[in-house]
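Engineer: Could you work out the structure for the sequence below:
(chains A and B)
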Amino acid sequence: DTGVSQDPRHKITKRGQNVTFRCDPISEHNRLYWYRQTLGQGPEFLTYFQNEAQLEKSRLLSDRFSAERPKGSFSTLEIQRTEQGDSAMYLCASSLATGSTEAFFGQGTRLTVV
Amino acid sequence: GENVEQHPSTLSVQEGDSAVIKCTYSDSASNYFPWYKQELGKRPQLIIDIRSNVGEKKDQRIAVTLNKTAKHFSLHITETQPEDSAVYFCASLGNAGNMLTFGGGTRLMVKP
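Structural biologist: You can find the predicted model right below:
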């Protein structure tokens, strides 16, 4: 599968623990997005990168959320001191910065905070 | 910021009938409007998109129309089949930013 891949697919963690998710975009895509999706809702934008630059992060849900894309390839999303309300599907998507703006989604990481 | 409203939230049709899902958006500078299909437990997948310089686009049984003046766009599925059953999301890409804003989704059920 040469699409967007995310790891892990599922994560169960205790409240207060830190979690980190990884996203590997389609190799030639220089834009990478993180979204959160709760049950029955549409994806909610969190942040995006163009290459290694994080161009929009004001939508991150709190200062417990942070994302990196150090070499402009894969990205990580970290949630510190998890809360039960953080339970959701975290989706990554990638696209080209020029030409088509079609965003391709990964299969997501489902986080459950107990 | 951009706000996208989607209706209806659920839609049940008989196989072979048509289905129409409507979305409105708030940012007049938005210029790209994709539609995604999400099956249970799977990733959202693009099924059709339209840009602001086009009023209508068709791909086999699927069509999308855009009314920029009224700031609304619609998805039309003709000759529905049971495999069309899924949740459909509309989205809007604002000119100011580079993020897609999604509607709340429509759960389409096609009864055989």
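
Engineer: so what's residue 109 bridging to?
Structural biologist: Using chain A. A:Tyr90 (DSSP bridges).

Engineer: You answered for a different chain; I wanted chain B.
Structural biologist: Per DSSP bridges, the residues bridged to B:Met109 are B:Ser12.

Engineer: helix or strand right after the helix-or-strand element of chain A with minimal mean pLDDT?
Structural biologist: The helix or strand with the lowest mean pLDDT-type score in chain A, counting by mean pLDDT, DSSP states H and E, is strand A:53-56 (a mean of 87). Moving toward the C-terminus from strand A:53-56, the next helix or strand (DSSP states H and E) is strand A:65-68.

Engineer: What residues sit buried inside that next one?
Structural biologist: Using 16 or more other Cβ atoms under 10 Å in any protein chain shown as the test for burial, strand A:65-68 gives A:Phe65, A:Ala67. Backbone N, C-alpha and C define where each C-beta goes, glycine included.

Engineer: Next: stretch A:106-114.
Structural biologist: Residues A:Gly106, A:Gln107, A:Gly108, A:Thr109, A:Arg110, A:Leu111, A:Val113 are the ones in stretch A:106-114 that count as buried (16+ other Cβ under 10 Å).

Engineer: what mean pLDDT does that stretch have?
Structural biologist: The average of the pLDDT scores along stretch A:106-114 is 97.

Engineer: What lies in contact with it?
Structural biologist: The contact list for stretch A:106-114 (Cβ atoms under 8 Å, 6 or more residues apart in numbering or on different chains) reads A:3-15, A:19, A:21, A:23, A:37, A:79, A:82-93, B:42-43.

Engineer: next one: that stretch to chain centre, how far?
Structural biologist: 10 Å (Cα atoms, centre = their mean, to the nearest Å).

Engineer: I figured A:Glu68 was touching A:Phe74, is that so?
Structural biologist: No: contact between A:Glu68 and A:Phe74 fails when scored by Cβ atoms under 8 Å: they sit 9.4 Å apart.

Engineer: Could you check the least confident helix or strand of chain A against chain B for contacts?
Structural biologist: Yes: looking at strand A:53-56 against chain B by Cβ under 8 Å from any Cβ of the partner chain, the contacts come from A:Leu55, A:Glu56.

Engineer: Please spell out which residues along that strand are buried.
Structural biologist: Buried residues in strand A:53-56, counted by 16+ other Cβ under 10 Å: A:Gln54, A:Glu56.

Engineer: for chain A, which spans come out with low pLDDT?
Structural biologist: For chain A, the stretches with pLDDT under 70 are A:1, A:98-100.

Engineer: In chain A, what residue lies closest to chain B?
Structural biologist: A:Gly42 (3.3 Å; Cβ to the nearest Cβ).

Engineer: Quick check: that residue is in a strand.
Structural biologist: No: counting by DSSP: H, G, I helix; E, B strand; the rest coil, A:Gly42 is located in no strand; its state is coil.
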